[in-house]
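> My questions concern the predicted model and sequence given below.
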Amino acid sequence: ELKVEQNPLFLSMQEGKNYTIYCNYSTTSDRLYWYRQDPGKSLESLFVLLSNGAVKQEGRLMASLDTKARLSTLHITAAVHDLSATYFCAVDIIEGGSQGNLIFGKGTKLSVKP
Amino acid sequence: KAGVTQTPRYLIKTRGQQVTLSCSPISGHRSVSWYQQTPGQGLQFLFEYFSETQRNKGNFPGRFSGRQFSNSRSEMNVSTLELGDSALYLCASSLAGYSTGANVLTFGAGSRLTVL
């Protein structure tokens, strides 16, 4: 059974601190996605990582992918309150040409406190 | 351009009833997929449609069904509602078509279903 595991599931940070969210997956896949969800809102795409060693950065967030280790990380630098949200990683499963079948982790609920 | 539109946004039903949720994808997007989000199970894949054909289905009972119309709009139906069906139902669209490129899903705001 395909599994996508994130840790930690809950993260309380102080503003200005750095931290990393980890995403492990159990299948062979080189397509990894990070999404953000604010309370009561839908999911917003953050990063798409398509190959081993891929690194993407946007503001205080940086995502990387190691397909050999089946691991992706989302690094937060100098956190600010606006980053408080739930972050999901997802792995793409292509079956017979089908897309749209993303397997999501449980999400990491990030709370940034002053 | 307009995003993914889901209707209704909120609805309350009682056990045993049925419900139909609607999703209008981004213009030009031919793939529509549906997810169920609950606090306990997280985001779970329901099914995906492309050109009016269901291409993939998640592990849900037959009470959950869907369809896609020629204009790519999609509906999902849940019959004989159970308390456990209370969830946020998210629709997402993408350009799709088999490729080695990214499969970035754009999600709608969701339909929050409460079953009493």
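Alright, I've got the coordinates.

> Spatially central, which residue of chain B would that be?
With distances taken as CA atoms, centre = their mean, B:W34 lies nearest the centre of chain B, 2.8 Å away.

> tell me which element that residue is part of?
strand B:31-38 (DSSP states H and E).

> name the helices or strands packed onto the next helix or strand after that strand?
Scanning forward in sequence from strand B:31-38 by DSSP H and E, the next helix or strand is strand B:42-50. Strand B:42-50 makes packing contacts with strand A:102-104, strand B:31-38, strand B:53-57, strand B:64-68, strand B:74-78 when contacts are defined by 3 or more CB pairs under 8 Å, 6 or more residues apart in numbering or on different chains; DSSP states H and E. For glycine as for every other residue, the C-beta is placed from the backbone atoms N, C-alpha and C.

> CA atoms only: put the longest one into CSV for me.
Included here for strand B:31-38 are C-alpha records, laid out as CSV according to Å, rounded to 0.1, in the frame of the first residue of the first chain:
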residue,chain,number,x,y,z
SER,B,31,-9.3,16.5,-16.0
VAL,B,32,-11.4,16.7,-12.9
SER,B,33,-10.7,14.8,-9.8
TRP,B,34,-12.5,14.6,-6.5
TYR,B,35,-11.1,14.3,-2.9
GLN,B,36,-12.7,13.8,0.4
GLN,B,37,-11.1,15.6,3.4
THR,B,38,-11.9,14.7,7.0
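
> how big is the angle separating that strand from strand B:74-78?
Strand B:31-38 runs at 40 degrees relative to strand B:74-78, counting by axes from the mean of the first three to the mean of the last three CA atoms, to 10 degrees.

> The helices and strands packed on strand B:42-50 into JSON lines, with extra columns for distance to B:L113 and mean pLDDT?
Below are these laid out as JSON lines (distance: least, CB to CB, whole Å; pLDDT from 0 to 100):
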{"stretch": "strand A:102-104", "distance to B:L113": "19", "mean pLDDT": "89"}
{"stretch": "strand B:31-38", "distance to B:L113": "9", "mean pLDDT": "94"}
{"stretch": "strand B:53-57", "distance to B:L113": "19", "mean pLDDT": "89"}
{"stretch": "strand B:64-68", "distance to B:L113": "12", "mean pLDDT": "97"}
{"stretch": "strand B:74-78", "distance to B:L113": "8", "mean pLDDT": "98"}
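
> For those, give me CSV that also has distance to A:Q37.
Formatted as CSV, the helices and strands packed on strand B:42-50 follow (distance: least, CB to CB, whole Å):
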stretch, distance to A:Q37
strand A:102-104, 10
strand B:31-38, 9
strand B:53-57, 23
strand B:64-68, 22
strand B:74-78, 20
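
> centre of the chain versus the helix or strand of chain A with the lowest mean pLDDT, how much separation?
Between all helices and strands in chain A, the lowest mean by mean pLDDT, DSSP states H and E belongs to strand A:102-104, at a mean of 89. Taking CA atoms, centre = their mean, to the nearest Å, the mean C-alpha location of strand A:102-104 is offset from the chain mean by 11 Å.

> Quick check: neighbours of that strand in the sheet, parallel or antiparallel?
As defined by DSSP bridges, the strand partners of strand A:102-104 come to strand A:85-92 (antiparallel).
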